[in-house]
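*Asks:* Fold the following.
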Amino acid sequence: MKLNSRPDLNFIISTCILLAGLPLVWLGRNYSGYSDNQFAAFCMGSFMVILGLFTLVVREKRSIELDEEHKRIVIDIKRRFWKCQHIVIPFNQITNFTILRQGKSSNFSVYYDLGVVLRNGKTIYLFGGSAFDGRMSEQFIENLKMQFEQAVSL
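*Replies:* Now for the predicted structure:
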């Protein structure tokens, strides 16, 4: 089984954050003091522009492969700049799988991530910050967890 991230969706989200920050920077550019709401708008807009530009520049693409034949999980992380990573997790190093829940149900921004708990106590989250199909569905992640547990035979 192989899962691939959706860099096109990450690109759209990054662009929206960047475009939402630009008007805030423009509207807050003439602030008169640090307690002014214009200053808050300027700071928030600047943060959004920097975050949007950073995520556009990095452009991370992630693939997760459950390799039952070689008894391992392989995570490939490719970035436009910086170090690319190839993480191999042998089945005999896995003690458990866990589900991480991020966000709030009240604003409909709940994301789930599947974590691999290793013998040394370290937890590796498979999805990281990448967009994947089904990442917002608890049922999808539960099914994925069961598939991984069956493959590893926990």
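*Asks:* from here on, contacts and neighbour counts on C-alpha atoms
*Replies:* Noted.
*Asks:* Let's see the pLDDT reported for the closest residue to Phe132 other than its chain neighbours.
*Replies:* Nearest residue to Phe132, sequence neighbours excluded (Cα to Cα, 6 or more residues apart in numbering): Ser5, at 4.8 Å. Looking at Ser5, its pLDDT is 80.
*Asks:* Kindly report the same for Glu138.
*Replies:* Glu138 carries a pLDDT score of 84 in this model.
*Asks:* Does it touch Asp113 like I think?
*Replies:* No: if you go by Cα atoms under 8 Å, Glu138 and Asp113 don't touch, sitting 9.4 Å apart.
*Asks:* Of those two, give the one with the bigger neighbour count.
*Replies:* Using other Cα atoms under 10 Å, the more surrounded residue of Glu138 and Asp113 is Asp113, with 22 against 16.
*Asks:* Pull the residues that contact the host helix or strand of Ala41.
*Replies:* The secondary structure element spanning Ala41 is helix 37-58 (assigned by DSSP states H and E). The list of residues contacting helix 37-58 from outside it, by Cα atoms under 8 Å, 6 or more residues apart in numbering, reads 11, 14-34, 79-81.
*Asks:* Just give the closest residue to Leu19, not the sequence neighbours.
*Replies:* Distances taken as Cα to Cα, 6+ apart place Val49 nearest to Leu19, at 7.5 Å, with adjacent residues excluded.
*Asks:* Who are the packing partners of the least confident helix or strand in the chain by mean pLDDT?
*Replies:* The helix or strand of the chain with the poorest confidence is strand 2-4; it has a mean of 83 (mean pLDDT, DSSP states H and E). Judged by 3 or more Cα pairs under 8 Å, 6 or more residues apart in numbering; DSSP states H and E, the packing partners of strand 2-4 are strand 61-67.
*Asks:* Mind checking the pLDDT average for the strand it packs on?
*Replies:* 89.
*Asks:* would you put the C-alpha positions of stretch 40-57 in CSV?
*Replies:* Coordinates of each C-alpha in stretch 40-57 appear next as CSV, following Å, rounded to 0.1, in the frame of the first residue of the first chain:
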residue,chain,number,x,y,z
ALA,A,40,-2.0,44.1,15.2
ALA,A,41,-3.3,43.8,11.6
PHE,A,42,0.2,44.7,10.3
CYS,A,43,1.8,42.0,12.5
MET,A,44,-0.8,39.3,11.6
GLY,A,45,-0.6,40.1,7.9
SER,A,46,3.2,40.0,8.0
PHE,A,47,3.1,36.7,9.7
MET,A,48,0.7,35.3,7.1
VAL,A,49,2.8,36.6,4.2
ILE,A,50,6.0,35.1,5.6
LEU,A,51,4.3,31.8,6.4
GLY,A,52,2.7,31.6,2.9
LEU,A,53,6.0,32.5,1.2
PHE,A,54,7.9,29.9,3.3
THR,A,55,5.5,27.1,2.5
LEU,A,56,5.5,28.0,-1.2
VAL,A,57,9.3,27.9,-1.3
